[in-house]
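>>> Dropping a prediction and its sequence here:
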Protein chains: 2
Amino acid sequence: MRSRFKPAVKLDDVAAHSGVSPSTVSLYMRHPDKVSAKSAEKISRAIEELGYVRNKIASQFTGGARLSMAVIVPSVANIIFGEAVQLIEKIVSEEGFQLLIASHNHSLEKEEAQVRSFLEWSPAAIALAGPEHTDATIKMLQQSGVPVVQMWQVEGQRFPAQVGVDHFSIGYHATRYLYETGCQKVAFFTTRFEEDVRAGKRYTGYLKAVAEQDQLPIVVNVPQSDNIYTATRPLLLKTMIKERGLDGIVASNDGIGAALLIEAADKGIAVPDKLSVLGFGDFPISAHLAPASLSTININAPCIAETTGKMMLRMNRDIDYQGDIVDVGYEIIPRGSTRLVI
Amino acid sequence: MRSRFKPAVKLDDVAAHSGVSPSTVSLYMRHPDKVSAKSAEKISRAIEELGYVRNKIASQFTGGARLSMAVIVPSVANIIFGEAVQLIEKIVSEEGFQLLIASHNHSLEKEEAQVRSFLEWSPAAIALAGPEHTDATIKMLQQSGVPVVQMWQVEGQRFPAQVGVDHFSIGYHATRYLYETGCQKVAFFTTRFEEDVRAGKRYTGYLKAVAEQDQLPIVVNVPQSDNIYTATRPLLLKTMIKERGLDGIVASNDGIGAALLIEAADKGIAVPDKLSVLGFGDFPISAHLAPASLSTININAPCIAETTGKMMLRMNRDIDYQGDIVDVGYEIIPRGSTRLVI
DNA sequence: GTGAAAGCGCTAACAT
DNA sequence: ATGTTAGCGCTTTCAC
């Protein structure tokens, strides 16, 4: 078969061209300082002249050393995951690893397929979001022996390496915060209710806080859309009419929170006096919304990413290291959309 | 050396376990329908029982068939690129390719390193953003013979495969649009002025339109920040004071445009009468900004991504196909922040 | 510090 | 439809 690819220059060619043996060139590629200055000079010139590109496929095949790491998140199009992935990439690539990235849009079946497909590349470590996976995923991971770190959600003991926050606790304290700042009746606005497990965790926390107040929960599931504002806005009045006395909303993310504030301003609903809103994620615009800026909960995503990257690296390096459980915590950022704590 | 990885089950093990030869198993892995139903049955059971995972490294090494494709964008944390990457991933993974992703934050040197590192994995195709690359990058790409698709910016003839828009034209027509809707003095707000080449292209288009009006250009470079709103807002009044009579702004993206509108509302500047703003990118919030929504320019990013993915696939499949130049175009979306065309 | 030789796990002729 | 064989490009002992 004809090929558009030029016949590749091989390590053997470099060896021939520079007058040393292939194994010396190989040694030079991996540890340049372990060959004599004279050989190094000749080899590097040959590489330059020939335009040699090392074949990592062959390297990993032969040497067995794993050259990639993998990360699977629900969505790279989501800014929070996008930034995290970018940071992890930076960290692991500095140690020479190729980062493999995939996203499954909250589908555990797609995640399973992606884990399978990544395993075929023999990665040195894998990072996954949350503790929920199909049985087959778990089984493959265990069989492979590839170190895995559970990201975002700290929960359960399936994986001894976990970096993230406890979303249940966030949902609980977010709701408590609204009650403590004077709300009587609090609803939970979310999107992708069934699929987004971490939002689901926050919802469970909300449920507990609501139950403690002897109230009935109110959930609003914003339909999926490519414009969260357009999808969310009409639901505010609808919900307030249906649920008389509603005066507080925990939003599953700042996109929904911002949409709610925009709609409230448009309809003349006084924030925070008639309606308090607490978001999640501290989006850039949240502090700039007017007339009321959006109170929110911030988790330290860069810290999660950095810790995850470093943990993958360490688990790969140190075979006795099983990983740690690190909860990076969160903070409530009070702004104009909630009342001051009394 | 001790290893945490379980000794892998190999194709030979599957063959032994199922009582057929390794090549039959290999055939089954690649074309399940080309082995007899009986063998297929035995093999699939053996795979199941043994938990066999195919070794793609060995596959690609032996077979020569390239199993991955690569895409390099300025930033995956940028929503527009994040979505595009996700779409490309979907498209190429459906044909069995592993998508390799990297981002370099507008650094051509980092891009060069990433191209080098991707080439080591022998990808079947590579997609890059824009026509600007280091000489070494170009040379490596040519030497390798790997098909490359130039994304986002359609320009030049280095690569016969290009999918995107003409950012120069966008900058030019955006500026013309403001003049045509009654603006007298138009400025250009951007960020990362030196690095973001596509924003630079739009700026060049702006320059042309301004020159045609016999005006002097006004550029404002928003300092880099993790919050574009915070960075942009203070610059509005400063610029309006310095440039008396300024009544139109072309914003390099909707983040800056939104920040400008928020600041204008806060300071009581009438939009669009005293100030018109035209953004770029049609962010979800743009249509929902109040009191004036943000007029913007929309490029069909999903179309760029999809076309790029398909073109990579086709270039890999059909050796005679050199790619096409496809300009997906753009549209101006008039909203509240610009006057109606007279 | 350097070279010779063996072999990693799979695929691709080719023969049957 | 299935088995036999050779070998992909590199790394890794092990001598020298």
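Looks like it came in fine. Owing to the predicted nature of the structure, the values given are computational and were not obtained by experimental measurement. Numbers count the residues shown, from 1 in each chain, chains lettered A, B, ... in the order given.

>>> which stretches of the stretch 1-150 of chain A form helices?
Using DSSP state H, counting those that start in this stretch, the helices assigned to the stretch 1-150 of chain A run over residues A:11-18, A:22-30, A:37-50, A:56-63, A:79-93, A:108-119, A:135-144.

>>> which one of the ones you listed lies closest to residue B:314?
Proximity to residue B:314 (Cβ to Cβ) singles out helix A:108-119 among those, at 22.2 Å. The way it works is simple: take the backbone N, C-alpha and C, and place the C-beta from them, glycine included.

>>> What are the buried residues along the closest one?
A:108, A:110, A:111, A:112, A:113, A:114, A:115, A:117, A:118, A:119 (16 or more other Cβ atoms under 10 Å in any protein chain shown).

>>> Can you lay out these as CSV showing distance to residue A:266 and pLDDT?
Formatted as CSV, those follow (distance: Cβ to Cβ, whole Å; pLDDT from 0 to 100):
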residue, distance to residue A:266, pLDDT
A:108, 38, 95
A:110, 38, 95
A:111, 39, 96
A:112, 43, 96
A:113, 43, 94
A:114, 41, 95
A:115, 45, 96
A:117, 46, 94
A:118, 46, 95
A:119, 50, 95
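
>>> what's the closest of those to chain B?
Nearest to chain B, judged by Cβ to the nearest Cβ, of the buried residues of helix A:108-119 is residue A:119 at 5.1 Å.

>>> returning to that earlier point: and among the helices of the stretch 1-150 of chain A, the most buried is which?
With neighbours taken as mean count of other Cβ atoms under 10 Å in any protein chain shown, the helices of the stretch 1-150 of chain A reach their highest mean count in helix A:79-93, at a mean of 23.

>>> Give me the helices and strands touching that one, please.
Helices and strands touching helix A:79-93, by 3 or more Cβ pairs under 8 Å, 6 or more residues apart in numbering or on different chains; DSSP states H and E, are strand A:68-73, strand A:98-103, helix A:301-317, helix B:79-93, strand B:98-103.

>>> now residue A:330: how far from residue A:178?
Distance of residue A:330 to residue A:178, given as Cβ to Cβ, to the nearest Å: 16 Å.

>>> Those two: which has the busier surroundings?
More crowded of residue A:330 and residue A:178, by other Cβ atoms under 10 Å in any protein chain shown: residue A:178, with 27 against 19.

>>> ok so residue A:332 is a helix residue?
No: the assignment for residue A:332 (DSSP: H, G, I helix; E, B strand; the rest coil) gives strand, which keeps it out of a helix.

>>> Tell me, how many residues neighbour it?
Counted with other Cβ under 10 Å, residue A:332 comes out at 16.

>>> Burial check on residue A:274, number of neighbours?
Using other Cβ under 10 Å, the number of residues around residue A:274 comes to 12.

>>> Please name the residues that touch the closest residue to it other than its chain neighbours.
Among residues not flanking residue A:274 along the chain, residue A:247 sits closest, at 6.5 Å (Cβ to Cβ, 6 or more residues apart in numbering or on different chains). Residue A:247 sits next to A:183, A:184, A:185, A:186, A:274, A:275, A:276 when contact means Cβ atoms under 8 Å, 6 or more residues apart in numbering or on different chains.

>>> which residues touch the fourth one?
To tie it back to what came earlier, the one meant is residue A:186. Taking Cβ under 8 Å, 6+ apart, we find residue A:186 in contact with A:175, A:178-179, A:206, A:209-210, A:215, A:218, A:246-250.

>>> how does it look with 7 Å?
By Cβ atoms under 7 Å, 6 or more residues apart in numbering or on different chains, the contact list for residue A:186 reads A:175, A:178, A:179, A:210, A:248, A:249, A:250.

>>> which bits of the stretch 201-342 of chain A sit near chain B?
By Cβ under 7 Å from any Cβ of the partner chain, the part of the stretch 201-342 of chain A that sits against chain B consists of A:227, A:228, A:229, A:258, A:262, A:265, A:266, A:284, A:285, A:288, A:290, A:319.

>>> which residues touch the residue nearest to the spatial centre of chain A?
What sits nearest the mean C-alpha location of chain A, by Cα atoms, centre = their mean, is residue A:81, with 4.0 Å. By Cβ under 7 Å, 6+ apart, the residues touching residue A:81 are A:73, A:74, A:75.

>>> Kindly report the same for residue A:163.
Residue A:163 makes contact with A:149, A:151, A:304, A:307, A:308, A:311, A:326, according to Cβ under 7 Å, 6+ apart.

>>> same deal with residue A:183?
Contacts of residue A:183 (Cβ under 7 Å, 6+ apart): A:247, A:248, A:276.

>>> I'd like to know which of the helices of the stretch 1-150 of chain A is closest to residue B:125.
Between residue B:125 and the helices of the stretch 1-150 of chain A, the tightest spacing by Cβ to Cβ is seen for helix A:56-63, at 16.1 Å.

>>> re the thing from before, and the buried residues of helix A:108-119 as JSON lines, adding distance to chain B?
Below are these laid out as JSON lines (distance: Cβ to the nearest Cβ, whole Å):
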{"residue": "A:108", "distance to chain B": "17"}
{"residue": "A:110", "distance to chain B": "10"}
{"residue": "A:111", "distance to chain B": "13"}
{"residue": "A:112", "distance to chain B": "13"}
{"residue": "A:113", "distance to chain B": "9"}
{"residue": "A:114", "distance to chain B": "8"}
{"residue": "A:115", "distance to chain B": "10"}
{"residue": "A:117", "distance to chain B": "7"}
{"residue": "A:118", "distance to chain B": "8"}
{"residue": "A:119", "distance to chain B": "5"}
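
>>> Out of the residues you listed, which comes closest to residue A:69?
Using Cβ to Cβ, these come closest to residue A:69 at residue A:118, 9.4 Å.

>>> In contact with the closest one, which residues are there?
Listed by Cβ under 7 Å, 6+ apart, the contact set of residue A:118 reads A:70, A:100, A:126.

>>> State the pair within the contacts of residue A:247 that is farthest apart.
The widest separation within these (Cβ to Cβ) is 13.6 Å, between A:186 and A:274.

>>> so where's the stretch 1-150 of chain A uncertain?
For the stretch 1-150 of chain A, applying pLDDT under 70 flags the ranges A:1-2.

>>> which residue sits closest to the residue of chain A most remote from its centre in space, ignoring its chain neighbours?
Distance from the C-alpha centroid of chain A, by Cα atoms, centre = their mean, peaks at residue A:19 (49.0 Å). Using Cβ to Cβ, 6+ apart and skipping the chain neighbours, the partner closest in space to residue A:19 is residue A:42 (6.5 Å).
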